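Student: give me coordinates for this.
(2 chains)
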Amino acid sequence: MSVIELTNVNKSFGVDTSKIDVLQNINFSAQKGEVSLIVGPSGSGKSTFLTIAGGLQTPSSGQVVVESETMSQLSPKARDALRLRKIGFILQAYNLVPYLTVAEQFQFVDRIKTQHNLSASDLNALLQDLDIANLVKKYPSELSGGQMQRVAIARALYPDPEIILADEPTAALDSERVAVVGQLFQDLARQRDKALVVVIHDMRLEKYADHIYEILDGRMKQAS
Amino acid sequence: MFLALKEIKHEKLRYGLIIGMVLLISYLVYILSGLAFGLAQQNTQGVESWGAQRIVLDKDANTSLQQSLLTKSQTDKLTLSKSESYVGQSSVVAKGSKARNISAQFIGLDTKQYIAQDMKLTSGHQVNGANQVVVDSQFQQDGYKLGDTLKFNSKSQAYTIVGFTENAKLNIAPIIYGNLSTWRTLKNLPNSFTASGIVSKNAKYTTGITQLKSYDVHTFIQALPGYSAQNTTFTLMIGFLMVISIVVIAVFLYILTIQKLPNYAVLRAQGVPAKTLVQNTISQALLLVSGGLVLAIALTALTASVLPMGVPIGFNLPLLAVITVGIILTGILGAIIPVRLILKVDPVSVIG
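Tutor: Model prediction:
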């Protein structure tokens, strides 16, 4: 079952001669239980695709449906609520609040989304899997880039979202950690029935993906 | 509140400096208002202690008790009730053996009328004979005791202190209470003059004599020399300080908010409602301002306790409450200004 579906989506910036078509006629769907990789060079439109899929931007034309809700028909407040309940963002720039310890990052989620977050034992298992269980009292500034990225992944997964949108989640990780994250993503899809859409510029996660799409000059095609 | 508290705890120096700034501004406002109130009190304490509602003066005295004289021919037509009292005012220099000369206000009273009868003494007794005076407690602080004597201006007659009373100040000078014959002596007036004016506790009191005019106590106090100008000056200073504190607090919060926009963009991308972030900013401003205010109140109390007695500082709880609420509102207003930035933050800016 599709949990995200983009139909004939176009996105352009500027007008007339300065008009740039960033995304052209994109048709895409992500299913529960699957990992979809979106690959492409820098500037190809990957991140714009991700922000439109997550309801952060509206397309110039076309339709985005998330969990049977048409994004264009929702108010900004309702889109916020949908994101909070259903979508977990893993961002390239990390998603950590600098003045909260690792443990407090999760406590903050509890305050804004009071139900259906991971249980304490599930969170502990996640932190163990990501090898960051011993970092819970540290602030982001005390972590390495790789540690921050793994905490950011845990932070995005903690609200137990149905859909996980990840923007270069392994950019700061070595190959060993990439394998851990790749396996984690695959387990989340297979065992917990999540839909993962991962935008990436290298192919180190290829073997964990169910579908690979390529974006080039704003056009998407399925690579495998 | 969660984010606000955690951020303050983590960024102790940064927020400590902001609390310090609020503390200094609030401290200055409290001290200035304390001085303004203290000075105002020392202008009016005496009149207020009489419970005066109306003051009757010669209509040509320009609302000044000092300049007014009531003649015996005028007062003979009057029958004063238990709510009225004659007062005679004269500025004097009090000289004694204990301390420097003290500029004071001599107030002559009819000892059978209500002001003398109702006067609360901290020690001694009322004036009940010739050449006796009851004086403000400032004389006690200057070393005078019951039984000590004072001389006034260049007069040779000595007057014995028979009582001390508190809150007896007029025109920022301590009051010396005596009888009306002493007042006439000090003013070199014959017996054909009764007093400077009539003080009444009755809000509707008039004499019916055309040469005498009855003023409400507010008008009388406003006309005290320098009183209105002094209060206006302090009010303007405090007002300017409040405006400056709005600007300073708003600028600090604006800069802080700008620094936090990338974090807010990430949180917005994750679906954190803008309302949560706005509440965080406002609650943080409230915490900072409240922290600064608590410290400022403590510092003000400490300052007031160590200031020399000669510094006329006084605190009035309703006034302090108004100032405190004013500063808190100032902080909230300062926090609301950058709210627009939070509402406009673009979560897309942190992706790609």
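Student: alpha carbons only for contacts and neighbour counts from here, please
Tutor: OK.
Student: now do the contacts for the residue most central in space within chain B.
Tutor: Central residue of chain B (C-alpha atoms, centre = their mean): residue B:37, 1.3 Å from the mean position. By C-alpha atoms under 8 Å, 6 or more residues apart in numbering or on different chains, the contact list for residue B:37 reads B:313, B:314, B:315, B:316.
Student: could you list the low-pLDDT ranges of the stretch 251-352 of chain B?
Tutor: B:350-352 (pLDDT under 70).
Student: how about the helices in it?
Tutor: Assigned by DSSP state H, counting those that start in this stretch, the stretch 251-352 of chain B shows helices spanning B:274-306, B:317-336, B:339-344.
Student: returning to what we had before: are any of the contacts of residue B:37 buried, and which?
Tutor: B:313, B:314, B:315 (16 or more other C-alpha atoms under 10 Å in any protein chain shown).
Student: export those residues to a markdown table and tack on distance to chain A?
Tutor: Formatted as a markdown table, the buried ones among the contacts of residue B:37 follow (distance: C-alpha to the nearest C-alpha, whole Å):
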| residue | distance to chain A |
| --- | --- |
| B:313 | 43 |
| B:314 | 43 |
| B:315 | 40 |
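Student: any idea of the pLDDT on the residue nearest to the centre of chain B?
Tutor: Reading off the confidence values, residue B:37 has pLDDT 88.
Student: separation between it and residue B:43?
Tutor: 10 Å (C-alpha to C-alpha, to the nearest Å).
Student: out of the helices of the stretch 251-352 of chain B, which gets nearest to chain A?
Tutor: Chain A lies closest to helix B:274-306 among the helices of the stretch 251-352 of chain B, at 8.2 Å (C-alpha to the nearest C-alpha).
Student: so what's the backbone phi/psi at residue A:23?
Tutor: Dihedral pair for residue A:23: phi -130, psi 140, per degrees, to the nearest 10.
Student: that one reaches residue A:9, doesn't it?
Tutor: Yes - judged on C-alpha atoms under 8 Å, residue A:23 makes contact with residue A:9 at a distance of 7.2 Å.
Student: more neighbours: which of these two?
Tutor: A side-by-side neighbour count of residue A:23 and residue A:9, using other C-alpha atoms under 10 Å in any protein chain shown, places residue A:23 first with 25 against 22.
Student: got the contact list for the more buried one?
Tutor: Per C-alpha under 8 Å, 6+ apart, neighbours of residue A:23: A:9, A:10, A:11, A:12, A:45, A:48, A:49, A:217, A:218, A:219.
Student: by contact count, what packs against the helix or strand the second one falls within?
Tutor: Going back to what we said before, that points to residue A:10. Counting by DSSP states H and E, the element that carries residue A:10 is strand A:2-13. When contacts are defined as 3 or more C-alpha pairs under 8 Å, 6 or more residues apart in numbering or on different chains; DSSP states H and E, strand A:2-13 packs onto strand A:20-31, strand A:61-66.
Student: can you rerun that using 10 Å?
Tutor: Here strand A:2-13 touches strand A:20-31, helix A:46-53, strand A:61-66, strand A:69-70, strand A:195-200, going by 3 or more C-alpha pairs under 10 Å, 6 or more residues apart in numbering or on different chains; DSSP states H and E.
Student: as CSV, these with mean pLDDT and distance to residue A:109 would be great.
Tutor: Formatted as CSV, the helices and strands packed on strand A:2-13 follow (pLDDT from 0 to 100; distance: least, C-alpha to C-alpha, whole Å):
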stretch, mean pLDDT, distance to residue A:109
strand A:20-31, 92, 25
helix A:46-53, 89, 21
strand A:61-66, 93, 22
strand A:69-70, 90, 24
strand A:195-200, 93, 20
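Student: out of these, deepest packed?
Tutor: strand A:195-200 (a mean of 26; mean count of other C-alpha atoms under 10 Å in any protein chain shown).
Student: remind me what that one packs against, helices and strands.
Tutor: strand A:2-13, strand A:20-31, strand A:34-39, helix A:46-53, strand A:87-90, strand A:163-167, helix A:175-192, strand A:211-216.
Student: need the contact list for residue B:235.
Tutor: Shown in contact with residue B:235 (C-alpha atoms under 10 Å, 6 or more residues apart in numbering or on different chains): B:32, B:33, B:36, B:229, B:241.
Student: angle of the strand holding residue A:10 against strand A:163-167?
Tutor: 40 degrees (axes from the mean of the first three to the mean of the last three C-alpha atoms, to 10 degrees).
Student: roughly how far is strand A:2-13 from the heart of the chain?
Tutor: For strand A:2-13, the gap between its own C-alpha mean and the chain's C-alpha mean amounts to 16 Å (C-alpha atoms, centre = their mean, to the nearest Å).
Student: do stretch A:30-45 as well
Tutor: For stretch A:30-45, the distance to the chain centre is 10 Å (C-alpha atoms, centre = their mean).
Student: over to stretch B:104-119?
Tutor: 24 Å.
Student: average pLDDT across it?
Tutor: Averaging pLDDT along stretch B:104-119 gives 94.
Student: remind me, longest strand of chain B?
Tutor: The longest strand of chain B (DSSP state E) is strand B:84-95.
Student: can you pull the pLDDT of residue A:119?
Tutor: pLDDT for residue A:119: 92.
Student: near it, how many other residues are there?
Tutor: Neighbours of residue A:119 (other C-alpha under 10 Å): 12.
Student: nearest residue to the middle of chain A?
Tutor: residue A:165 (1.6 Å).
Student: that one bridge partners, please.
Tutor: residue A:89, residue A:197 (DSSP bridges).
Student: identify the residues contacting it.
Tutor: Shown in contact with residue A:165 (C-alpha under 10 Å, 6+ apart): A:36, A:50-51, A:53-54, A:87-91, A:156, A:195-199.
Student: over to residue A:146?
Tutor: Residue A:146 neighbours (C-alpha under 10 Å, 6+ apart): A:152, A:169, A:170, A:171, A:172, A:173, A:174, A:177, A:178.
Student: using JSON lines, please lay out those together with neighbour count, pLDDT and distance to residue B:287.
Tutor: Output for the contacts of residue A:146, formatted as JSON lines (neighbours: other C-alpha atoms under 10 Å in any protein chain shown; pLDDT from 0 to 100; distance: C-alpha to C-alpha, whole Å):
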{"residue": "A:152", "neighbour count": "25", "pLDDT": "87", "distance to residue B:287": "29"}
{"residue": "A:169", "neighbour count": "25", "pLDDT": "85", "distance to residue B:287": "37"}
{"residue": "A:170", "neighbour count": "25", "pLDDT": "85", "distance to residue B:287": "39"}
{"residue": "A:171", "neighbour count": "16", "pLDDT": "80", "distance to residue B:287": "39"}
{"residue": "A:172", "neighbour count": "17", "pLDDT": "74", "distance to residue B:287": "37"}
{"residue": "A:173", "neighbour count": "18", "pLDDT": "80", "distance to residue B:287": "40"}
{"residue": "A:174", "neighbour count": "10", "pLDDT": "85", "distance to residue B:287": "43"}
{"residue": "A:177", "neighbour count": "17", "pLDDT": "84", "distance to residue B:287": "42"}
{"residue": "A:178", "neighbour count": "18", "pLDDT": "88", "distance to residue B:287": "43"}
